[in-house]
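Quick one, what's the 3D model for this:
(2 chains)
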Amino acid sequence: MSPSPAIEVRDLSKRFGDVEAVRGVSFTVKEGEIFGFLGPNGAGKTTTIKMLCTLLAPTSGVLELAGFDVTKNPEDVRRSIGVIFQDPSLDDRLTAEENLELHAVVYGVPRAERRARLDEALAFVELSDRKKDLVRTFSGGMKRRLEIARGLVHRPRVLFLDEPTTGLDPQTRKATWEVLRGLRDQSGMTLFLTTHYMDEAENCDRIAVIDHGRIVAEDSPEALKRAVGKDVVFVRTNEPAALCALLAERYGLTPDRTEEGLCFRVEDGEAFVVQLVSEARVAVTGIAVRRPTLDDVFLALTGRQIRNGNGEAGRAAMRAMARRR
Amino acid sequence: MRAEVVYHLARRDVVKFLRDRQNLVATLVRPLLWILAVGFGLRRAFDTGATGVDFVSFLVPGVATMAVLFSSMFSAISIVWDREFGFLKELLVAPVPRTTLVLAKMISASVTALVEVSVVLLVSPLLGARIDPLGALVAIPVLVAFGMSVSALGIAVASRMKTFEGFGGIVNFLIQPVFFFSGALYPLDGLPPALAAVVRLNPMSYAVDATRGLCVGVHHFPIALDAGVVLATLGVFGTLAVRSFARMQA
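Modelled structure (predicted):
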């Protein structure tokens, strides 16, 4: 028997009245992968994750998780997954330990193992010394870590994280990612996460970009960036005119003059620079090669920057607000 | 359904109830205020001599049932609270039948109500009420069943409500007539026909009647009928609660 994929989605749709939030989405997540689900606000990310977690019934399509049909066997699915929601979902009037213990009982962790699992999960997120404290006394980052710990207590096959780092400061975001990577490396757990931080999406093995309820791209971050853009090269020189002429003649490039020097785009930036430096008879004083970022990928795929997700409509609303002031 | 899950879910509510000291004191003192102010204040105005007991003793079972009504109904607000603060999602993705969640909530509601009832029944003799201790013990299961049915109704309402204000509005609208038209404060013999008809339709009247019959020996309906109505109410509201809760989405 070949192992079933962690997640299998075929032709998934969800309609709320007249609004089609998810339109025929298909993708597969392999066991042990960190799979990123990217898209601007309102693209259908949270709706999809809710359907995968059995919280929302799909309008049509096939949804399988760890080999179980999500609509037919919701309880088997619930036992196989852990969910870390976008908004906090702890009982902040209980202690950290009490939150985890209730979770362990509800998910059927055998009594004999409970103590060890709780201590292990708390140690993993470095909250062992705060286990007797009420959650309401915790900072935002600590709450997030505790939620991750809670998601691990029943050792799910797939861990869902809906925007796990939204609203956290950069340092805490970084720490959260270290926890997540450590988790995948140590336990081989499959992680399915949504984010709108492009720099974080780089941490994923594969990414699906969703826009207007459809998947517009699905690949590794590297492959997506290769597909979309060439490297950006900046060259500084004391004789810009001569270098410009050389680049135009020899390589057919038309560089822009920027404050950081001459700027142009080529296929393989590093190899090109090596060749250029060995051939050029012009003194080069500085070189920088920048890879296309996932921001560039996203822009190319959806025509929008992800942060100000609403594009034209958003800007129109901003202008309207500015006028009212 | 695993009993351990029900126990831990119910314990969560009870632990929080006991942990919130200010609320705990207020909750326990409120019924005693009723006995002191209404019982002693109105004793001379209310002639319950015909029933064979003084007004304070007559009132204690009514106040005990009232405490169950208020406390069980408002315990369902924790569902709205859990929704507001996100914990409800954690419960809804858990591999546990919805019925388990509802049952646990009903049990925790009746346990917290029982804490209040115990205080009323233990303190009121010190205030001069004459209560039959054995009868009071027998009345406890009736009050538990009544508390569970009230919390079931509260769960049904809370499952449909998104805000505290919404829940508070509906619950106050329900709770006032149920309390005032129940005989908690007055004997049911010789009421005007219209009022008597309303009282007969009110399930709480039967819970009060049974409790009073068992604690002080005065009742209007046969106790078996009282118990039957309370159990039937539990069945109807329990079913309603499970259905409403099952349809709820996070």
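
and stretch A:92-99, how far apart are its ends?
Terminal residues of stretch A:92-99 lie 9 Å apart, using Cα to Cα, to the nearest Å.

That stretch near chain B anywhere?
Yes - contact of stretch A:92-99 with chain B (Cβ under 8 Å from any Cβ of the partner chain) involves A:92-94, A:98. Using the backbone N, CA and C atoms, a C-beta is placed for each residue, glycine as well.

got these as JSON lines, with pLDDT and neighbour count columns?
Listed next are those as JSON lines, based on pLDDT from 0 to 100; neighbours: other Cβ atoms under 10 Å in any protein chain shown:
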{"residue": "A:Asp92", "pLDDT": "90", "neighbour count": "16"}
{"residue": "A:Arg93", "pLDDT": "92", "neighbour count": "18"}
{"residue": "A:Leu94", "pLDDT": "94", "neighbour count": "20"}
{"residue": "A:Glu98", "pLDDT": "95", "neighbour count": "20"}
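
Among the residues you listed, name the ones in strands.
Among the residues of stretch A:92-99 next to chain B, no member falls in strands (DSSP state E).

The residue of chain A most remote from its centre: which element?
The centre of chain A is farthest from one residue, A:Arg281, which by Cα atoms, centre = their mean lies 44.9 Å away. Secondary structure from DSSP states H and E places A:Arg281 outside every helix and strand.

Contact distance from chain B - what residues of chain A qualify?
Residues of chain A lying near chain B by Cβ under 8 Å from any Cβ: A:50, A:53-56, A:75-76, A:78-79, A:81, A:83, A:85, A:87-94, A:98, A:101-103, A:105-108, A:150.

Of those residues, keep whichever come out buried.
Neighbour counting by 16 or more other Cβ atoms under 10 Å in any protein chain shown classes A:50, A:53-56, A:76, A:78-79, A:81, A:83, A:85, A:88-94, A:98, A:101-103, A:105-107, A:150 among the residues of chain A next to chain B as buried.

about what we covered before: quick one: the residue farthest from the centre of chain A from chain B, how far?
Shown here: A:Arg281 relative to chain B, a distance of 66 Å by Cβ to the nearest Cβ, to the nearest Å.

Show the model's pLDDT score for that residue.
Looking at A:Arg281, its pLDDT reads 77.

A:Gly17 too?
88.

residues near it, how many?
Residues near A:Gly17, counting by other Cβ atoms under 10 Å in any protein chain shown, number 5.

what residues are up against it?
The contact partners of A:Gly17, taken as Cβ atoms under 8 Å, 6 or more residues apart in numbering or on different chains, number zero.

before we move on, what about A:Phe192?
When contacts are taken as Cβ under 8 Å, 6+ apart, A:Phe192 is in contact with A:6-7, A:29, A:35, A:37, A:49, A:52, A:158-161.

and of those, the nearest to chain B?
Chain B lies nearest to A:Phe160 out of the contacts of A:Phe192, by Cβ to the nearest Cβ, at 9.0 Å.

Phi, psi for the closest one please.
phi -100, psi 140 (degrees, to the nearest 10).

from what I can see it touches A:Gly82, true?
Yes - the pair formed by A:Phe160 and A:Gly82 meets the contact definition of Cβ atoms under 8 Å, at 7.0 Å.

any weak-confidence spans in the chain?
Because you didn't say which chain, this covers chain A. Low-confidence segments of chain A (pLDDT under 70): A:1-3, A:228-229, A:303-325.

looking at chain B here, not the other one
Within chain B, the segments meeting pLDDT under 70 span B:1, B:47-51, B:249-250.

Report the closest residue of the stretch 201-325 of chain A relative to chain B.
Closest point on the stretch 201-325 of chain A to chain B, by Cβ to the nearest Cβ, is A:Gly213, at 19.2 Å.

Pull the contacting residues for that residue.
Contacts of A:Gly213 by Cβ under 8 Å, 6+ apart are A:20-23, A:25, A:43-44.

Show me which of those is closest to chain B.
Using Cβ to the nearest Cβ, those come closest to chain B at A:Ala21, 13.9 Å.

where does A:Arg257 land in three-state SS?
The assignment at A:Arg257 comes out as strand when based on DSSP: H, G, I helix; E, B strand; the rest coil.

which residue packs closest to it, ignoring adjacent ones?
Closest residue to A:Arg257 apart from its sequence neighbours, by Cβ to Cβ, 6 or more residues apart in numbering or on different chains: A:Pro240 at 6.5 Å.

swap in B:Asp82?
In space, B:Asp82 is closest to B:Leu88, 4.1 Å off (Cβ to Cβ, 6+ apart).

next one: B:Val236
B:Ser149 (7.8 Å).

pretty sure the one you found contacts B:Ala232?
No - counting by Cβ under 8 Å, B:Ser149 stays clear of B:Ala232, with 9.1 Å between them.

Give me the more crowded residue out of the two.
Just comparing B:Ser149 and B:Ala232: by other Cβ under 10 Å the higher neighbour count belongs to B:Ser149, 27 against 13.

any idea how far that one is from B:Gly168?
Using Cβ to Cβ, to the nearest Å, we find B:Ser149 at a distance of 20 Å from B:Gly168.

Equivalent analysis for B:Ala207, please.
Per Cβ to Cβ, B:Ala207 is found 23 Å from B:Gly168.

Those two - which one has more neighbours?
Using other Cβ under 10 Å, the more surrounded residue of B:Ala207 and B:Gly168 is B:Ala207, with 31 against 14.

Mind checking what secondary structure the more buried one has?
Put simply, B:Ala207 is helix when judged by three-state DSSP.

And for it, nearest residue in space, chain neighbours not counted?
B:Ala207 sits nearest to B:Phe146 (Cβ to Cβ, 6+ apart), 4.0 Å away.

give the contact list for the one you found.
Contacts of B:Phe146 by Cβ under 8 Å, 6+ apart are B:65, B:68-69, B:72, B:203-204, B:207, B:230, B:233-234.

for B:Met106, same thing?
Contacts of B:Met106 by Cβ under 8 Å, 6+ apart are B:148, B:151-152, B:155, B:238, B:241.

Same check on A:Met198?
Contacts of A:Met198 (Cβ under 8 Å, 6+ apart): A:38, A:293-295, A:298, A:306.

which residue ranges form the strands in chain A?
With DSSP E as the criterion, chain A has strands spanning A:7-16, A:19-29, A:34-38, A:60-65, A:68-69, A:81-84, A:158-162, A:190-195, A:206-211, A:214-219, A:231-237, A:256-258, A:261-266, A:284-290.

Right, I'll leave it there.
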